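Colleague: One predicted model, sequence on top.
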Amino acid sequence: MVDFAVDTYGKLDVAINNAAITPDDKPLSEIDMNYYDKLMSVDLRGVVLCLKYELKYFEENNIAGSIVNTSSVSGIRPQPANPAYVAAKHGVIGLTKNAAMDYSPKGIRINSVAPGAIDTPMLRGALDQFGFEPDEYAKQLSMLHRFADADEVAQANAWLASDLSSYVTGTVLNVDGGYTSCKTNIEYTKTSRPKEVNYLFWVYFLFIKCFMITF
Ligand SMILES: NC(=O)c1ccc[n+]([C@@H]2O[C@H](COP(=O)([O-])OP(=O)(O)OC[C@H]3O[C@@H](n4cnc5c(N)ncnc54)[C@H](O)[C@@H]3O)[C@@H](O)[C@H]2O)c1
Ligand SMILES: CC(=O)[C@H](C)O
């Protein structure tokens with residue numbers, strides 16, 4: 001891959017390690033180890049291999065390059081029945097920080113982007129698989145109540161890859177519509193006001209209304 005990029009473009013000074021396969025769908029006691037091995041080999045080992053050869057090329061050619069590894073909100077917090085994917089994406093963040101530390105003396109920067117719900121075949125496939133209704137799911141996974149376009153993640157990648165982020169390394173940039181800033185899923189937070197609070201609100205409201213009408 002590195003050879004192909006160099007042959008095609010003349011040199012390599014930025015790389016985005018983005019490939020991954022779909023999240024798993026069973027909790028740990030039921031985990032399918034064949035799927036686990038397959039997912040780990042793409043989603044984590046794949047990133048290790050990309051980093052290995054990209055960094056080797058940067059070192060050999062004295063290039064202070066920039067690398068961005070795609071993690072996920074699943075690299076920051078767990079998701080139900082997603083042990084392999086969650087572990088792999090946490091691993092991507094660990095690798096990013098470790099590589100940033102080891103290669104910063106050479107001026108090489110390594111960062112991670114953690115997307116939330118992005119409208120791609122991977123997300124659409126997961127929605128189908130779990131039978132989630134897209135509009136409802138978007139409200140639960142984003143303060144902005146919508147999925148992102150892939151372009152909105154690409155912009156974050158482009159910034160981290162470019163010299164505009166020249167003092168940023170070893171960091172994780174969440175592109176998730178605010179998802180990881182919430183303690184619980186967003187729709188739940190909005191609708192979870194206890195019934196008693198609603199009741200007291202209406203009693204109080206009617207009391208004020210009566211008071212205003214009377215006086
Ligand atoms: N879509 C989302 O909501 C979402 C959320 C968080 C993180 N992500 C991450 O964003 C990245 C891109 O995901 P996406 O949503 O575009 O998924 P996608 O399934 O639409 O695309 C994944 C891409 O990876 C490539 N790929 C898979 N296995 C490969 C392999 N062994 N070698 C080379 N290429 C391979 C596929 O060909 C495909 O082009 C992934 O790392 C994914 O984990 C996606
Ligand atoms: C596909 C993915 O990464 C989920 C949304 O965390």
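Modeller: It's in. Ligands and ions are numbered 1, 2, ... in the order given.
Colleague: if I pick P23, what's in contact with it?
Modeller: S74, Q79, N82, A84, Y85, A126 (Cβ atoms under 8 Å, 6 or more residues apart in numbering). Just so you know, the C-beta spots here come from the backbone N, C-alpha and C atoms, and that holds for glycine as well.
Colleague: just the buried members of these?
Modeller: Of all these considered here, the ones buried according to neighbour count by 16 or more other Cβ atoms under 10 Å are S74, N82, A84, Y85, A126.
Colleague: Filter the residues you listed down to the ones in strands?
Modeller: Residues of the buried ones among the contacts of P23 located in strands (DSSP state E): none.
Colleague: related to what we said a few turns ago, by pLDDT, give me the weakest of the contacts of P23.
Modeller: Of all these, A126 carries the smallest pLDDT score, 85.
Colleague: could the buried ones among the contacts of P23 be laid out in CSV, adding distance to K139?
Modeller: Below are the buried ones among the contacts of P23 laid out as CSV (distance: Cβ to Cβ, whole Å):
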residue, distance to K139
S74, 19
N82, 20
A84, 27
Y85, 22
A126, 16
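Colleague: ok, which pair from the residues you listed is furthest apart?
Modeller: Within the buried ones among the contacts of P23, two members stand farthest from each other by Cβ to Cβ: A84 and A126, at 13.8 Å.
Colleague: dump the residue contacts of the nearest residue to G116 once chain neighbours are set aside.
Modeller: Of all residues not flanking G116 in the chain, D176 sits nearest, at 2.8 Å (Cβ to Cβ, 6 or more residues apart in numbering). Taking Cβ under 8 Å, 6+ apart, we find D176 in contact with V73, A114, P115, G116, A117, L141, S142.
Colleague: and this structure, which residues reach ligand 1?
Modeller: 18-21, 42, 46, 70, 72, 115, 117-118, 120-123 (Cβ under 6 Å from any ligand atom).
Colleague: Which of the residues you listed fall in helices?
Modeller: Assigned to helices by DSSP state H, the following of the residues of the chain next to ligand 1 qualify: V42, G46, P121, M122, L123.
Colleague: Thank you, goodbye.
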